[in-house]
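Asks: test case, fold it:
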Amino acid sequence: MHQWHFSYNGQQIGPLDQTMAVAQAAKNSNGHCWRQGFPEWLPIASCTELRAESAASLISTPPPPRQADQRSDVIDYKIFGEDMQFVELELDPGESAVAEAGALMYKDSAISMETVFGDGSAASSGGGFMDKLVGAGKRLVTGESLFTTMFSHTGQGKAKVAFAAPYPGTIVPMTLSNYGGKIICQKDSFLCAARGVSIGIFFQKKIMTALFGGEGFIMQKLEGDGMVFIHAGGTIVERELKAGERLDVDTGCVVAMTSTVNFDIKSVGSVKSALFGGEGVFMATLTGPGKIWIQSLPFSRLAGRMYSAMPSQGGSRDEGSILGGLGGIISGDRRF
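Replies: Numbering: from 1, shown residues only. So this is what the prediction gives:
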């Protein structure tokens, strides 16, 4: 069954199953909707799939019960903003979320904070000291902190906690059970997740791919069956590759992929293209089957542009003024 997402003036709601999506569309049709298979967001009013049945008796439908073999908590969420996003999680009593240190934006008073060693999953918290040490070591290898913060609802009713993206970009929600229980992603893309998601490491076994693929020898591996939120710069596009289908991508634009995708590199072609094309010597090749997520603005590219614009590096704040520094003085900028 498809998972639906709704957007109202920059505020996102989802994922919702078909029944709850029909109810939401009947409640408020002045927005846009999206599900897997749609090439873009569509106006809710023009989506015939959301008119199939009356939603009058479905608005109060309770969330599905947790399955006996499910390891992660089931959480609801909303994503706010367009370029500078944050995600708000809604927790029931006893539910928890885990996030990177420093990602917290706000929380209700009923939610308690606890710093844990590792990622807070059953593998790292349920075992002995060595299990916790291994879990924390995996995070350290991927460039993250040894510790994560666990946010648990210890009160009554529902409570909310929000986490903010560290730089301009897009927050993408993923339910790991929909992707075989495993996602391979950039080392610094993890933002937060439901309790029970394991954060491990993925070693790139091909030496050339590790050296020139833009991701290094080590990537993050997110495992489990719960909800996880990753963040990357710019706009993120999701592509599904068929078996044998290949997509060539700039080496810095690969955000995440399912474990079935083959990640490799290839030369851009002629020496002239490599030297003067501006795209480097190698490109990443992603071969299906599986899903991939690509970002439009890698943080390294953004940081490079900002660094080159610094006055100490020969940049200027004049923004093209023919008056140069004199124009800055006239406009009121006296920091010289």
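Asks: list of residues touching the helix or strand where residue 7 lies?
Replies: Using DSSP states H and E, residue 7 sits within strand 4-8. Residues outside strand 4-8 that contact it (CB atoms under 8 Å, 6 or more residues apart in numbering): 12-18, 20-21, 24-25, 28, 30-35, 41, 44, 50. C-betas here are computed from N, CA, C, even on glycine.
Asks: immediately after it, which helix or strand?
Replies: For strand 4-8, the succeeding helix or strand toward the C-terminus, using DSSP H and E, is strand 11-16.
Asks: tilt between that following strand and strand 4-8?
Replies: In terms of direction (axes from the mean of the first three to the mean of the last three CA atoms, to 10 degrees), strand 11-16 departs from strand 4-8 by 170 degrees.
Asks: tell me who's in contact with residue 232.
Replies: Applying CB under 8 Å, 6+ apart to residue 232 gives the contacts 169, 170, 172, 186, 189, 255, 293, 295, 298, 299.
Asks: 7 Å instead?
Replies: The contact partners of residue 232, taken as CB atoms under 7 Å, 6 or more residues apart in numbering, are 169, 170, 186, 189, 255, 295.
Asks: show me the contacts for the fourth one.
Replies: Think residue 189. 220, 230, 231, 232, 255, 256.
Asks: rerun that using 6 Å as the cut-off
Replies: Each residue near residue 189 by CB atoms under 6 Å, 6 or more residues apart in numbering is listed here: 230, 232.
Asks: cool, and the second one?
Replies: With contacts taken as CB under 6 Å, 6+ apart, residue 170 has the following neighbours: 235, 236.
Asks: output the helix or strand where it lies as PDB, restricted to C-alpha atoms.
Replies: Secondary structure from DSSP H and E places residue 170 in strand 169-175. Output of strand 169-175 as PDB, limited to C-alpha atoms (Å, rounded to 0.1, in the frame of the first residue of the first chain):
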ATOM      1  CA  GLY A 169      18.700  21.500   2.500                       C
ATOM      2  CA  THR A 170      16.000  18.900   2.600                       C
ATOM      3  CA  ILE A 171      15.000  16.400   5.300                       C
ATOM      4  CA  VAL A 172      13.900  13.100   3.900                       C
ATOM      5  CA  PRO A 173      11.800  10.600   5.900                       C
ATOM      6  CA  MET A 174      12.400   6.900   5.300                       C
ATOM      7  CA  THR A 175      10.700   3.800   6.700                       C
END
